[in-house]
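Engineer: coords please:
(chains A and B)
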Amino acid sequence: MVSVVYEAPDSIEGAISLLANADIPAKILAGGTDLIIQTNGSADESRLFVDVKRIDGMLDARLSADGLDLGPSMSCAEFTARDDIRKVFPGLVEAAYLIGSTQVQGRASLGGNLCNSSPAADTVPALVVNGAQCVIAGPGGERTVAAEEFMTGVGRNCMEKGELLKIIHLPTPAAKTSDAYLRFIPRTEMDIAVAGAGVSVTLDDDGTCTAARVAIGAVAPTVLLVSAAADALIGTKLDDDALQAAAAAASAASSPITDRRGTAEYRRQIVGVLVKRAARIAATRAKGN
Amino acid sequence: MSEAQEFKYIGQRTIRPDGFDKVTGRATYGADLTLPGMIWGKTLRSPHAHAKILSIDTSKAEAHPDVMSVATFKDFVSLQSESVAGTEDAAGVLDVARNCLADDKVLYHGHAIAAIAARTESAAKDALALIDVKYELLPAVMDVEDAMKEDSSVLHDDMFTAGYDEKPSKASNIATRVEMKMGDVEAGFAEADVIVEREFRTPTAHQGYIEPHACTVTYDENGQSMVWCCTQGHFDVRTLTAKVLGMELGKLKVIASEIGGGFGGKTVIYQEPVALVLSKKSGRPVKMVMDRDEVFIATGPTSAAKLKAKVGVKKDGTITAMQGWMAYEAGAFKGSPMVPGVMTMFTPYDCPNVLVEGFDVVVNKSKVAAYRAPGAPQAEYAAEMVVNELAELLGMDPIDLRLKNAAKEGTQTIYGPKLKRVGLVECLEAAKNSPHYLSPLPEGQGRGLASGFWFNIGGQSSVSVNMNPDGTGTIVEGSPDIGGSRASMQMMAAEVLQIEPKNLKPIIADTENLPYSQGTGGSRTTFATGMAVIEASEKVVAQVKERAAAVWNVTAEQVEYADGVARNTAGEDSMTLAEVCKNAEKTGGQISGNANINARGAGPSFAVHICDVAVDKETGKVDVTRYTAIQDAGKAIHPGYVEGQLQGGAVQGIGWALNEEYVFNADGVMENPGFLDYRIPLASDLPMIETITVEVPNAFHPYGVRGVGETGIIPPLGAVGYAVGNAIDRKVEELPCSPPRVLALIQNG
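Structural biologist: Okay, here's the model as predicted:
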């Protein structure tokens, strides 16, 4: 059994100092919905948990003319209850609502979902298509990384020892822009994505797509931003041919594995279906904006 | 009983006596008993599906400061001598023991090898890593095809196929071959205008009970040993545990805790004798609780099966011949429910020419345990799919085709007796007139229908009804309550005693408080234990009459008992039951009635289910949009709990048909041992299951009861399977209808 040393600093500096100077494996604790399970099965003798929830701003979400500044540890339950955020980023809010159960959503957070860096993380494709920027604080100061660059492999990311995620910033979307996120699971809830797809589209006044971002999950070691799929949408009226081309591009960009949740072949197919369907939803929303 | 009866309490929807404790968290389950000085046991399990054990070195674990005892198969001392081998009973006990702790071979991923008891649960877990086991790996045999090959790796070199006239010369993974027949199938098929023959597969599926196996035990050298565990049959736990350990029954008390689901899977033993060995060696009470992954890899499941069904029919819908073939996985030790599969496969049909052949096959998976109508869902799935296809080919309504051939009173079964009065025709008619069947199928959806048959059993039940001086009473029974049976016992006793059910408290007594009672299984409890409750309550009434008669100086025959009141028919006197009980000390002592019966005459229960599905043609995902379960309960003692059984069976069957399956890697290691990836249906996955309870009384029960617990899991496999095929215009020959499989069917035909 792992013995855990628990610290709960009330400042970024305090957290950085604990993380940077730890002589045992150090883990950042937000909601703990992944971390505690992983710790139970860990071979480590001891671990340092640095609980970041007491740090100012970690649990807040602020919507302004600049966009959304999201405290990484805000619970999904609080996040999904924010109608103001839902109006601007409906797809992201839906993605957060898909994680775990009602009980888990009381603890789980978007920052935790990102930092756990599972390829199947539901909120990450939605963050990526909304151009999220991750502000990382560390011993050497702050740096900013685009959400699509954050994950580097299965369960791995760009954060170095001593660093922590301070804020997730989403710029205000352009006019007539909206997003959607869909995942496929064999049941209705309480499951992990077999494949996931986030899409954001911007339309002009006659309904032509002028900008798009497409991100796919659970079909590669990391969440992928698929520019070829976005390119298939841009300049079209999102007709069936364009959607089919985007779907094909997403399937082509994927490199899924076969495991207990699905075969590679199946995942490759349905990720395209999800892209197509998410693009349709995003477009409908964008028309309404 | 045959005429309709008037009831005062039977048929009401009373509040279950165990409900309050369960919803408030006060009920004590298998893991909830803690004793002074208690320590924790944990099990070392095989990482391999098939291997010889070359050596087990426990010395390092024994040297661990927190470890208090270690157990291996060698500690089953009474099984070590040569003399125990030879008899069929001894062989059965050896298989049970070797499943509790492996002997010279591990036979599945998760097979228990050794157990450790330590001061804390985590110390016990940690110390498992100190046990050094050396293996010689053998090829894993993971399905019946592989297992039945001539050159297959053989699990047991002393197993020769039973069921042939001559004993085979070579050991085999086929434990048993069974053939049952009647009439002449060849002649029957020759008469047929249309014949359909298909092959089917069903996956390894688990009972999926929420409560993991758990026990707390104390070994006592003076004959006071005790096992507390969650089980469907504590008397059977006592029998099996005592046999494995060579104990006398009277020296082992087994207490059944509350149980969080069993569905057949808690009728066997896993940890109990191991925990007793650990307790004996440490001198401490020992608790063992399985983790969820242990439940999946080492308990349950039910047989994966390969089946063939061939049915011939005349143009007018008369079925002329039915032929079946099935091979069931038994898991690591023989004893799959293949035989009931053979027996039930075509029983819903009155057909003179039937031939069914079955094989019980061992494979490198956990030994199967009973699961709700064990063996029937797989076999009847194959039969129902083919019957539906024939209806389609004939252009006949599938209910009409079934009505034309329905089994009824007098129908000869393949397994021997003729059916007594049964309710299949009534179920089919109820299905035909149901709101569901009368509603048109929504555009693009598929509909399937299937019938189901299960025997139900009677068996031994012991009951005592003890009256208190204030007129309340205790119903002491030995059947663990897995589905609301305490409420039914209360209502049946109340009906006889003519007092409010809430004045009677039903309890599940331990093995020292009652004579032997068979476990809860085979849908027997409301039928058989209910009969015993009625008989014991009638004895109470007889005593009440005698006591009142003594007071009034008349004969007992002159006393009438009605509405909870004894009346003197020769005078004006009357006494309530409470008054008679209060007065009992003056009339000869306290009042109780007991009945120790071996109930015969269990009435089979037939069912018909209707299922509508919508299939997402781009992802292969199946949504059940409407579902109706119709079943004959004989007489529904508590209609709400009967409906609950119908719904529960349907949901488990739907899960089996849609998403539940064990996923193994190439080495035979189970990859989805948890509820995340072993996908039982969630409440949000399904519509409300509509129910129709049909009541065709069973003449052998005083109130007409038939067991209802099991039949409901049988029809869903065929109903869902056929509905999916109907929606996508394909033949569904393999379950589950998981999205990848359905999408492949859509795309590849």
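Engineer: Just the mean pLDDT for the longest helix along chain A, thanks.
Structural biologist: Longest helix in chain A, counting residues (DSSP state H): helix A:264-288. Mean pLDDT, helix A:264-288: 97.
Engineer: anything in that helix sitting right up against chain B?
Structural biologist: Yes. Using CB under 8 Å from any CB of the partner chain, helix A:264-288 reaches chain B at A:266, A:269-270, A:273. Where C-beta positions appear, they are placed from N, C-alpha and C, glycine not excepted.
Engineer: Make a markdown table out of those residues and add neighbour count.
Structural biologist: Shown next, in a markdown table, are the residues of helix A:264-288 next to chain B (neighbours: other CB atoms under 10 Å in any protein chain shown):
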| residue | neighbour count |
| --- | --- |
| A:Y266 | 23 |
| A:Q269 | 24 |
| A:I270 | 32 |
| A:V273 | 22 |
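Engineer: And the residues you listed, which is closest to A:M74?
Structural biologist: Distance to A:M74 across those (CB to CB) is lowest for A:I270, with 30.7 Å.
Engineer: ok, back up a step: show me what counts as buried in the longest helix of chain A.
Structural biologist: Residues of helix A:264-288 classed as buried by neighbour count (16 or more other CB atoms under 10 Å in any protein chain shown): A:266-283, A:285-286.
Engineer: helices and strands around it, which ones?
Structural biologist: Applying 3 or more CB pairs under 8 Å, 6 or more residues apart in numbering or on different chains; DSSP states H and E, we find helix A:264-288 packed against helix A:90-97, strand A:177-184, strand A:195-203, strand A:209-217, helix A:240-253, helix B:739-748.
Engineer: Give me every residue in chain B lying close to chain A.
Structural biologist: Residues of chain B lying near chain A (CB under 8 Å from any CB): B:122, B:125-126, B:618-619, B:621, B:658-659, B:663, B:671-672, B:676-677, B:679, B:681-682, B:684-685, B:738-740, B:743.
Engineer: Among those, which ones are in helices?
Structural biologist: Applying DSSP H to the residues of chain B next to chain A, the entries found in helices are B:122, B:125-126, B:658, B:739-740, B:743.
Engineer: Go ahead and flag the most central residue of the chain.
Structural biologist: Defaulting to chain A. The C-alpha lying nearest the average C-alpha coordinate of chain A belongs to A:V124 (CA atoms, centre = their mean; 1.6 Å).
Engineer: Not quite, go with chain B.
Structural biologist: What sits nearest the mean C-alpha location of chain B, by CA atoms, centre = their mean, is B:G264, with 2.8 Å.
Engineer: Spell out which parts of chain A neighbour chain B.
Structural biologist: Residues of chain A lying close to chain B (CB under 8 Å from any CB) are A:1, A:184, A:186-192, A:194, A:259-263, A:266, A:269-270, A:273.
Engineer: tell me the domain ranges of the chain?
Structural biologist: Using chain A here. Using automatic domain parsing, the domain parsing of chain A gives A:3-51, A:64-171, A:177-288.
Engineer: I was after chain B.
Structural biologist: B:19-27+B:458-599, B:39-138+B:212-298, B:140-203+B:304-417, B:420-455+B:603-749.
Engineer: and those, which is most packed in?
Structural biologist: Most buried of the domains of chain B, by mean neighbour count (mean count of other CB atoms under 10 Å in any protein chain shown): domain B:420-455+B:603-749, with a mean of 22.
Engineer: could you give the mean pLDDT of it?
Structural biologist: On average, the pLDDT along domain B:420-455+B:603-749 is 97.
Engineer: distance of the residue nearest to the centre of chain A from B:Q207?
Structural biologist: According to CB to CB, to the nearest Å, A:V124 and B:Q207 sit 36 Å apart.
Engineer: For the worst-scoring helix or strand of chain A on mean pLDDT, output the C-alpha coordinates as PDB.
Structural biologist: Least confident helix or strand of chain A, by mean pLDDT, DSSP states H and E, is helix A:35-40 with a mean of 92. The C-alpha trace of helix A:35-40 is given here as PDB (Å, rounded to 0.1, in the frame of the first residue of the first chain):
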ATOM      1  CA  LEU A  35      -5.300  10.000  -8.900                       C
ATOM      2  CA  ILE A  36      -6.700   8.000  -6.000                       C
ATOM      3  CA  ILE A  37      -7.500   5.000  -8.100                       C
ATOM      4  CA  GLN A  38      -4.100   5.200  -9.800                       C
ATOM      5  CA  THR A  39      -2.400   5.500  -6.400                       C
ATOM      6  CA  ASN A  40      -4.200   2.400  -5.100                       C
END
